[in-house]
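*Asks:* just a sequence and a predicted model for now, questions to come.
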Amino acid sequence: MAALELAVFAPDETRTWELPARGEVKLGRGEDNDVRLEHFSVSRAHAILRLGDSLQIEDLGGANGTYVAERSDSPGALETVQLRRLLRQTAEVRLGESVMLGQVAIVVRPRQVVSEFGDLGAAEPEGGVVLKNASMRALYAQAERVAKSPITLLILGETGVGKELLAHAVHARSSRAKKPFLGVNCAALSEALLEGELFGYEKGAFTGAVSARPGLFEATQGGTVFLDEIGEMSLSTQAKLLRVLEERSVMRLGARTPTAIDVRFVAATNRDLEADAASGRFRQDLYFRLNGISLTIPPLRERRDEILPLAQRFLDAASGALPGPQPKLSQAAAEALTAYDWPGNVRELRNAVERALVVCTSASIEAKHLPPALTRPKATPSRPAAERPSEPSAARGLHAERRALERERVLDALERSGGNQTRAAELLGISRRTLVSWLDEFGVPRPRK
């Protein structure tokens, strides 16, 4: 049997795990599971996946249920699929078939290998993409499928995580690869300048417009327009962009008739556009139009197996511009790189490597050559030492254990209430507002209605 992986699709994230060819894999929210699914709808011990000559799932009595596909293929009728709940039962499932554990979908499938994105040449900035992490391999496999369609794409992720790199990869694998790829940083341009750049203008449209100029939408005819930091666009420009998306035409500033365009739109942001749309800061209709398909890039701290390969790639690229032999990363420097949380993600990593290369005067890059933030002890908010009584290590351990128990109580209450926050708060004996505060403090995603 081909190598397998487990893809997990939770409401707030997608992850993958490599699976053995044979054996049992225990699934649930508890720490003793082989695959831990930290979602309130998943029980501590929810199900067991059995791999071998056949593929089976056994329900362990999860409060929110284990559901498998049940087919009806009567003679002469089309095959239909419905979900059947397992009640401490075992059922066979097919490769590629979804199984629901509460609100989390799992799929066992052949392991995704994404070699086609390994070398995109000049079409890919910053020397290529490193795909060592299983989640990133799955993400780029999905991006390859999305690239074949004309649907609008929204790329989400923290600052510096590689959103433009993914946009380039999608363009390079699309039917528009030989056409232009043009990017616009919506946060770097004023509203007036942004409109002129996107829509173009006619001669005399404003002071200084001595000749007509097509905008980026027209200039990218047949290609891809990448709208970076779309969440920073003003509401008035959002309204005009919505019209472009709906009518596939642009109206230059000062023009009386629109011009038809044929471009693929890819937008990106590090903001929570869904929350911005709900609060009125971002147009809800534009959000729905942009969100044809969304791809979320995990932060670098969640794919630490890519930190050193990326660092080596940046080191190789930067060393080519400097005289002398290329220094090597020392063990201490490598450990500092992998231990750091990288709030600036890949962009910060590249800057750190290039800085270390410049200040290093030996054959080895040591920890002292890295930015100070990478080697200084992590600070924790506290009172000044003179005002703070000493706390024995045992007390700190008890505090951490108590917090872990409180978090587990919150998850249990959410599980018992089926995700109803008001009911969960009643079970805990606290107000709903306090529950919401605890969810944020414990890093638990709020249940969706």
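*Replies:* Thanks, I have it. Numbers count the residues shown, from 1 in each chain.
*Asks:* from now on I want contacts and neighbour counts done on CA atoms only, so please keep to that.
*Replies:* Noted.
*Asks:* okay, helices next: where are they in the stretch 1-150 of the chain?
*Replies:* For the stretch 1-150 of the chain, applying DSSP state H, counting those that start in this stretch gives helices covering 134-147.
*Asks:* where in it is pLDDT low?
*Replies:* Within the stretch 1-150 of the chain, the ranges that satisfy pLDDT under 70 run 1-2, 9-14, 70-82, 111-128.
*Asks:* which residues of it fall in strands?
*Replies:* 4-10, 13-19, 23-28, 35-36, 47-51, 55-59, 66-72, 80-86, 90-92, 98-101, 104-110 (DSSP state E, counting those that start in this stretch).
*Asks:* can you put the ones you listed in a markdown table and add distance to residue 267?
*Replies:* Listed next are those as a markdown table, based on distance: least, CA to CA, whole Å:
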| stretch | distance to residue 267 |
| --- | --- |
| strand 4-10 | 23 |
| strand 13-19 | 19 |
| strand 23-28 | 35 |
| strand 35-36 | 32 |
| strand 47-51 | 38 |
| strand 55-59 | 39 |
| strand 66-72 | 35 |
| strand 80-86 | 35 |
| strand 90-92 | 41 |
| strand 98-101 | 29 |
| strand 104-110 | 27 |
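*Asks:* ok, and which of those strands has the densest surroundings?
*Replies:* Among the strands of the stretch 1-150 of the chain, strand 98-101 has the highest mean neighbour count (mean count of other CA atoms under 10 Å), at a mean of 23.
*Asks:* name the helices or strands packed onto it?
*Replies:* With contacts defined as 3 or more CA pairs under 8 Å, 6 or more residues apart in numbering; DSSP states H and E, the packing partners of strand 98-101 are strand 66-72, strand 104-110.
*Asks:* count of neighbours near residue 53?
*Replies:* 9 (other CA atoms under 10 Å).
*Asks:* quick check on it: phi, psi?
*Replies:* Dihedral pair for residue 53: phi -70, psi -30, per degrees, to the nearest 10.
*Asks:* circling back to that earlier point, I'd like the helices and strands packed on strand 98-101 written out as JSON lines, with distance to residue 252 added.
*Replies:* What follows is these, written out as JSON lines (distance: least, CA to CA, whole Å):
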{"stretch": "strand 66-72", "distance to residue 252": "52"}
{"stretch": "strand 104-110", "distance to residue 252": "46"}
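*Asks:* residue 46: which of those is closest?
*Replies:* Among the helices and strands packed on strand 98-101, strand 66-72 comes nearest to residue 46, with 7.8 Å by CA to CA.
*Asks:* nearest to residue 192, of the strands of the stretch 1-150 of the chain?
*Replies:* Residue 192 sits nearest to strand 13-19 of all the strands of the stretch 1-150 of the chain, at 36.8 Å, using CA to CA.
*Asks:* contacts for the closest one, please.
*Replies:* For strand 13-19, the surrounding residues in contact (CA atoms under 8 Å, 6 or more residues apart in numbering) are 3-9, 35, 111, 134-135, 138, 296.
*Asks:* over to stretch 182-202?
*Replies:* Applying CA under 8 Å, 6+ apart, the external contacts of stretch 182-202 come out as 209, 211-218, 220, 224-230, 232-234, 237, 250-255.
*Asks:* just the buried residues of the residues you listed.
*Replies:* Taking 16 or more other CA atoms under 10 Å as the criterion, what is buried in those is 212-218, 220, 224-230, 232-234, 250-253.
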